[in-house]
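Q: no letters, just coordinates:
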């Protein structure tokens, strides 16, 4: 019996330290030039494996559903999952494993170029339902055929009394396909950033409007400004501490997974917000999406020694 199973993207990430300045929130690269970069490194990533790693390090028995190619990158991802004590519950296809190129600016903000590959072709018929015995599902954002599969699995979750946490992407919330609305009906916990939230609901009474779509708990993140969480009755606001930022990739996944882990372990919103905030705070102080993810021992120490300011209204 798993405590949580994640369903989402699996990619190999190539990180490029461009050292380039930002202008009007853009990173501009001239055509026809060969440009030097300061550094490059590689890591496994994707919302599915990032969050699975976070859950496992926080002490939860974790599985991962995803689709990989039959290539060297798939082998890297499987080795990383095994190292992190995560059970692979997915499948393989003819398409290449997903891949991302991450361009970091001199201020350590980033633009991500992603090739989804096998990630977007997972069919419901390929799932091994008998193995999906869990208390929670965590869905990261997936396009194409895989979004349809997530909707079907969410229906399966309702029938089997499994809770669903969902973290959609700005691409999905902006296009707002009918399948997204269906998935939200079966979602218990919705986590999204301010931009994504504004795509789905009017900013006036935004929490009330998002609750009407289905979720019982809604968390809206605001980057450096913190986050707000609603349970339908109260709104909790968290204010992060200032830390030295090394690289921001994976901060959203770190917060979301920490937040849900807090709900799984304690069923307490304040504790969940603390765990999510501390996990994200740690991740942005190290390069890559996973290097800063905390173990449960490290998190327990952080909870004792570093208090996150949280208010309730």
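A: Perfect, I can see it now. All values derive from a computational prediction rather than experimental measurement.
Q: which residues sit against the helix or strand of the chain with the lowest mean pLDDT?
A: Across the helices and strands of the chain, mean pLDDT, DSSP states H and E gives its lowest value to strand 110-115, namely a mean of 89. Contact with strand 110-115 is made by 11, 27, 96, 98-104, 247-249, as judged by C-beta atoms under 8 Å, 6 or more residues apart in numbering. Quick note: C-beta positions are derived from backbone N, CA and C, even for glycine.
Q: ok, 6 Å please
A: The contact list for strand 110-115, computed with C-beta atoms under 6 Å, 6 or more residues apart in numbering, reads 27, 99-104, 249.
Q: next: stretch 149-160.
A: Stretch 149-160 is contacted by residues 122, 124, 137, 139, 164, 179, 182-183, 186 when judged by C-beta under 6 Å, 6+ apart.
Q: helices of the stretch 101-250 of the chain, start to end?
A: Assigned by DSSP state H, counting those that start in this stretch, the stretch 101-250 of the chain shows helices spanning 144-159, 170-175, 178-185, 194-200, 206-211.
Q: next, the buried residues of the least confident helix or strand of the chain.
A: By 16 or more other C-beta atoms under 10 Å, the buried positions in strand 110-115 come out as 110, 114.
Q: hang on, the earlier thing: buried members of the contacts of strand 110-115 into PyMOL, please.
A: Remark: buried members of these, expressed as a PyMOL selection using 16+ other C-beta under 10 Å:
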select buried, resi 27+99+100+102+103+104+249
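Q: closest to residue 290 among the contacts of strand 110-115?
A: Closest approach to residue 290 among these (C-beta to C-beta): residue 249, at 9.6 Å.
Q: center of the protein - which residue?
A: The centre of the chain sits closest to residue 253, judged by C-alpha atoms, centre = their mean, with a distance of 3.2 Å.
Q: show me what contacts that residue?
A: The contact partners of residue 253, taken as C-beta under 6 Å, 6+ apart, are 47, 50-51.
Q: would you mind measuring from residue 246 to residue 111?
A: To residue 111, residue 246 is 17 Å away according to C-beta to C-beta, to the nearest Å.
Q: what does residue 234 give?
A: From residue 234 to residue 111 the distance is 36 Å (C-beta to C-beta).
Q: report the buried residues of stretch 151-164.
A: Residues 151-157, 162-164 are the ones in stretch 151-164 that count as buried (16+ other C-beta under 10 Å).
Q: equivalent analysis for stretch 17-35, please.
A: Quick answer for stretch 17-35 (16+ other C-beta under 10 Å): 17-18, 20, 27.
Q: and what of stretch 42-60?
A: Across stretch 42-60, burial judged by 16+ other C-beta under 10 Å covers 43-60.
Q: and for stretch 71-88?
A: 73-74, 76-78, 80-81, 84, 86-88.
Q: in strands only, show me these.
A: The strands, defined by DSSP state E, take in 87-88 from the buried residues of stretch 71-88.
Q: for residue 92, list each beta-bridge partner.
A: Taking DSSP bridges, one obtains residue 68 as the residues bridged to residue 92.
Q: verify the stated contact: it with residue 66.
A: No: with contact defined as C-beta atoms under 6 Å, residue 92 does not reach residue 66; the gap is 10.1 Å.
Q: any idea how far the residue nearest to the centre of the chain lies from residue 198?
A: Taking C-beta to C-beta, one finds residue 253 at 21 Å from residue 198.
Q: what do you get for residue 297?
A: For residue 297, the distance to residue 198 equals 38 Å [C-beta to C-beta].
Q: of the two, who's got more company?
A: residue 198 (16 against 11; other C-beta atoms under 10 Å).
Q: for stretch 258-273, measure first residue to last.
A: 8 Å (C-alpha to C-alpha, to the nearest Å).
Q: farthest pair within the buried residues of stretch 71-88?
A: 73 and 87 (19.6 Å).
Q: give me the subset of the buried residues of stretch 71-88 that lies in helices.
A: Here DSSP state H is the test, and these give 73-74, 76-78, 80-81 as lying in helices.
Q: in contact with residue 200, which residues?
A: Counting by C-beta under 6 Å, 6+ apart, residue 200 makes contact with residue 173.
Q: now with 8 Å?
A: Counted by C-beta under 8 Å, 6+ apart, residue 200 has contacts 173, 176, 184, 192, 209-210, 213.
Q: now, which of these sits nearest residue 304?
A: Ranked by distance to residue 304 (C-beta to C-beta), these are led by residue 192 at 30.1 Å.
Q: ok, and the closest non-adjacent residue to that closest one?
A: Using C-beta to C-beta, 6 or more residues apart in numbering and skipping the chain neighbours, the partner closest in space to residue 192 is residue 168 (5.9 Å).
Q: next one: residue 223
A: Leaving aside its sequence neighbours, residue 223 sits nearest to residue 193 (C-beta to C-beta, 6+ apart; 7.3 Å).
Q: quick check, the one you found in contact with residue 225.
A: No: with contact defined as C-beta atoms under 8 Å, residue 193 does not count as touching residue 225 (10.7 Å).
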